[in-house]
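Novice: Test case, fold it:
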Amino acid sequence: MKMSGGVEWALHCTVVLSAAERPVPAARLAELHDVSASYLAKQLQALSRAEIIRSVQGHAGGYELARPASRITVLDVVEAVDGPQPAFVCTEIRQRGPLAASAEACEKPCAISRAMSAADQAWRASLRAVTIADLAAQVGSDYDADVFAGVRAWL
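Specialist: Below you'll find the predicted structure:
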């Protein structure tokens with residue numbers, strides 16, 4: 001499974017926003033992660049369209065989570081950025097070529113399609129089981145000090 005780099009950026013931003021005490025400008029998020037502001041803006045727009053984050057207008061504006069971090073899954077973020085399409089799309093190759101099977105003979109998915117579908121379902125279930133709050137807790141335990149206190153102060 002290959003995901004775009006935007007997924008990583010979006011996940012980092014949602015984790016940071018889960019710890020933010022006020023809306024965070026997009027430029028500040030880009031600076032914090034040392035990433036392209038214009039490319040990050042596209043990921044933030046995708047998150048906003050998916051109602052994972054929302055834009056707050058005004059002098060103290062920026063982005064904030066649209067719902068509690070415990071109600072945003074990693075899969076929500078992945079699908080917001082890369083879309084909900086499955087990783088594997090069967091093209092019914094068995095109905096092509098000199099020994100092509102008839103459409104009637106291909107009523108059920110082949111073993112390859114079933115295996116790929118099962119893997120996709122397992123992958124999605126795994127990502128659905130982890131929330132942004134879970135990631136934030138894990139990030140906090142990855143460091144000796146309260147990493148989010150430093151992030152909050154910097155923001």
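Novice: The residue of the chain most remote from its centre in helix, strand or coil?
Specialist: Farthest-out residue of the chain from its mean C-alpha position, per CA atoms, centre = their mean: residue 98, at 42.1 Å. Look at residue 98: counting by DSSP: H, G, I helix; E, B strand; the rest coil, its state is coil.
Novice: per-residue confidence at it?
Specialist: Predicted confidence (pLDDT) for residue 98: 93.
Novice: same question, residue 144
Specialist: If you check residue 144, the pLDDT there is 58.
Novice: residue contacts, residue 148?
Specialist: 19, 136, 139-140 (CB atoms under 8 Å, 6 or more residues apart in numbering). C-beta here means a position set from N, CA and C on the backbone, and glycine is covered the same way.
Novice: Go ahead and list the helix or strand containing it.
Specialist: Assigned by DSSP states H and E, residue 148 belongs to helix 147-154.
Novice: Likewise for residue 141?
Specialist: Applying DSSP H and E, one finds residue 141 within helix 132-142.
Novice: Identify, by residue count, the longest helix of the protein.
Specialist: In the chain, with assignment by DSSP state H, the single longest helix is helix 111-128.
Novice: Could you list every helix and strand in contact with that helix?
Specialist: Applying 3 or more CB pairs under 8 Å, 6 or more residues apart in numbering; DSSP states H and E, we find helix 111-128 packed against helix 74-82.
Novice: what comes up buried for the helix it packs on?
Specialist: In terms of neighbour count (16 or more other CB atoms under 10 Å), helix 74-82 has its buried residues at 74-82.
Novice: now that helix: how far from the chain's centre is it?
Specialist: 3 Å (CA atoms, centre = their mean, to the nearest Å).
Novice: elements contacting it?
Specialist: Against helix 74-82 (3+ CB pairs under 8 Å, 6+ apart) you get helix 5-19, helix 37-49, helix 111-128, helix 132-142.
Novice: try 7 Å
Specialist: Packing contacts for helix 74-82, counted by 3 or more CB pairs under 7 Å, 6 or more residues apart in numbering; DSSP states H and E, involve helix 5-19, helix 37-49, helix 111-128.
Novice: a markdown table for these, including distance to residue 66?
Specialist: Formatted as a markdown table, the helices and strands packed on helix 74-82 follow (distance: least, CB to CB, whole Å):
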| stretch | distance to residue 66 |
| --- | --- |
| helix 5-19 | 10 |
| helix 37-49 | 8 |
| helix 111-128 | 18 |
